[in-house]
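Novice: no sequence for this one, just the structure:
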């Protein structure tokens, strides 16, 4: 009886090398989980670290906003920061931004490379998508675009391409938004 094992409507299903693997319920007595691979049902050990994880895929997404690759460019609606050899070039109509110190620029780059989300959740497209500020970070030829979906009471960045929303500390907001 697949329903009794939690396999009629499995909590999670993944594909490995063409094999469908479905995860059912955990037996409360043995603490073993029912898993169906093809037409065969197995009982497997459930690692303690995964027992409290819900089925939200964002639990499996890194809290790091970007990969470890070097940033080569960042585009905001009001400015661009472009790596030019060993230096950074600021392109903006705002004279205050053009006069920023190397320390401020370094804090911005480090902020993007080192910021970790406090938590993340599934992305929901906002109603005012046309009004959102978008920030594109280039790492070589790879670009990652973030939407600034909230700045108060929390700082929230979203990545529609992977359907994840990151909530990060308000303390890093000025650096990530490139504000003097």
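Specialist: Done, it's in. Owing to the predicted nature of the structure, the values given are computational and were not obtained by experimental measurement.
Novice: okay, CA-based contacts and neighbour counts for the rest of this
Specialist: OK.
Novice: contacting residues for residue 69?
Specialist: For residue 69, the contacting residues are 139, 140, by CA atoms under 8 Å, 6 or more residues apart in numbering.
Novice: repeat that with 10 Å
Specialist: Residues counted as contacts of residue 69 (CA atoms under 10 Å, 6 or more residues apart in numbering) are 113, 138, 139, 140, 142.
Novice: just list what the biggest helix by length in the chain packs against, helices and strands only.
Specialist: When the chain is parsed with DSSP state H, its longest helix is helix 102-114. In terms of contacts (3 or more CA pairs under 10 Å, 6 or more residues apart in numbering; DSSP states H and E), helix 102-114 is packed against strand 73-75, strand 80-84, strand 87-91, helix 173-177.
Novice: can you rerun that using 7 Å?
Specialist: Packing partners of helix 102-114 (3 or more CA pairs under 7 Å, 6 or more residues apart in numbering; DSSP states H and E): helix 173-177.
Novice: still on that earlier bit, can you pull the buried residues of the longest helix of the chain?
Specialist: 105, 107, 108, 109, 111, 112, 113 (16 or more other CA atoms under 10 Å).
Novice: next, work out how far apart the fifth one and residue 65 are.
Specialist: In this case it means residue 111. Noted for residue 111: a distance of 10 Å to residue 65, by CA to CA, to the nearest Å.
Novice: count the neighbours of residue 166 for me.
Specialist: Residue 166 sits with 25 neighbouring residues when counted by other CA atoms under 10 Å.
Novice: now do the one 4 residues further on
Specialist: Each residue near residue 170 was counted by other CA under 10 Å, and the total is 13.
Novice: go ahead and confirm it touches residue 154.
Specialist: Yes. Look at residue 170 against residue 154 with CA atoms under 7 Å: they come within range, at 6.3 Å.
Novice: helix, strand or coil: sort out residue 15 for me.
Specialist: strand (DSSP: H, G, I helix; E, B strand; the rest coil).
Novice: for the residue lying closest to it once chain neighbours are set aside, what are phi and psi?
Specialist: Nearest residue to residue 15, sequence neighbours excluded (CA to CA, 6 or more residues apart in numbering): residue 21, at 6.0 Å. With angles defined as degrees, to the nearest 10, residue 21 sits at phi -120, psi 120.
Novice: the worst-scoring helix or strand of the chain on mean pLDDT pairs with which strands?
Specialist: Using mean pLDDT, DSSP states H and E, the weakest-scoring helix or strand in the chain turns out to be strand 12-16, at a mean of 81. Strand pairing for strand 12-16, using DSSP bridges, gives strand 19-26 (antiparallel).
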